[in-house]
Structure formats: structure tokens, C-alpha cells
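Engineer: structure here, sequence nowhere to be found:
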């Protein structure tokens, strides 16, 4: 029977008649098709809006990142001379510190050398004084000039 209904509808359409007279589901199908078209169009519109919104957000994000980058570069450019100046000051301070330490070491070395020299001179003088004391206190050496004279006279007589 169902196939006859469709066949009857086709015959009525072929005759140029109104298909609604024979099939009451045509209106419902038409409404469903229209509803499906409307829903599809709405979904397409929502997708288009979502895509447009996503593009807008991406553009805003790019612009924000670009702006941050420019601000960061400008700040770095602004700070660069200050940073260079601080680095130069630190380098000068290090050089001055090294120079000061080297100078202190040189002065300490000179003081040590001077002290060593004085100590050596003092020891030499002590040794000389000790030798003089030993010579002057030795009884044999007191008569050295007399012995020298006798040796000289003895050599003269023999020769």
C-alpha cells in the first residue's frame, strides 16, 4: 500500500496535479528540509563568525606581541648606554683594584727587600765586629807586626 501511495503521488505530479492532495507528508518533509537548510545556514554562519572571531583574536595577539616586542626593544635600547656605562665603571673598578693590589704588593716587596738588606748588613757588621773582636783578643795576632818584621829581616839575611 505504501508503494502505491508513492506511485499515486507520482501520477498526480505527472498529471500536473497538486501532490499535497495525495500525500500529507509532503508539507512535513518540506518543513523539515527548510528547517535543515535553516539550521545548516545558521551553522555555516556561526562557523564563519567563529572563524572571523578567531582571526580577530589572532590579529590582536600578534599586534599585542609585536607591541610588547617593540616596547622591550625600546627599553633595551634606552638601557643600553646605561648598561654599557655600568659595565665600563665595573671594568675600571676592577682595573683600579688590580692596580692597587699590584702596587701594594710591590711596596710590600720593596719593604721586605729593604728589611732583608738591612738584616744582611747588620749580620755582616756583626760578623765583622766579631772578627775584629777575635783578632784583637788573640794574643798571637797582637805580635803580628813584630813577627812580620822578623820574617822580612830573616829573608833578607838569607838572600
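Structural biologist: Structure received. It should be emphasised that the depicted structure is a prediction, and the values quoted were computed from it without experimental measurement.

Engineer: in which helix or strand would I find residue 109?
Structural biologist: helix 25-137 (DSSP states H and E).

Engineer: check which helices and strands that helix sits against.
Structural biologist: Applying 3 or more CB pairs under 8 Å, 6 or more residues apart in numbering; DSSP states H and E, one finds that helix 25-137 contacts no other helix or strand. C-betas here are computed from N, CA, C, even on glycine.

Engineer: quick one: mean pLDDT over that helix.
Structural biologist: Taken as a whole, helix 25-137 has a mean pLDDT of 92.

Engineer: what separates that helix from the chain centre, distance-wise?
Structural biologist: From the chain centre to the centre of helix 25-137 is a distance of 5 Å (CA atoms, centre = their mean, to the nearest Å).

Engineer: likewise for stretch 143-150?
Structural biologist: Distance of stretch 143-150 from the chain centroid (CA atoms, centre = their mean) equals 89 Å.

Engineer: let me see the mean pLDDT of it.
Structural biologist: Here the average pLDDT along stretch 143-150 is 76.

Engineer: I'd like the numbering to begin with 264 instead of 1 from here.
Structural biologist: Will do, 264 is the new start, and the previous item becomes stretch 406-413.

Engineer: just the buried positions in it, please.
Structural biologist: By neighbour count on 16 or more other CB atoms under 10 Å, the buried set for stretch 406-413 is empty.

Engineer: kindly report the same for stretch 378-393.
Structural biologist: By neighbour count on 16+ other CB under 10 Å, the buried set for stretch 378-393 is empty.

Engineer: who's in contact with that stretch?
Structural biologist: Residues outside stretch 378-393 that contact it (CB atoms under 8 Å, 6 or more residues apart in numbering): none are found.

Engineer: and residue 342, how far is that from residue 350?
Structural biologist: Computed with CB to CB, to the nearest Å, the distance linking residue 342 and residue 350 is 12 Å.

Engineer: tell me how far residue 375 lies from residue 339.
Structural biologist: On the measure of CB to CB, residue 375 and residue 339 end up 51 Å apart.

Engineer: ok, now residue 393?
Structural biologist: 77 Å.

Engineer: swap in residue 354?
Structural biologist: Residue 354 is 21 Å from residue 339, by CB to CB.
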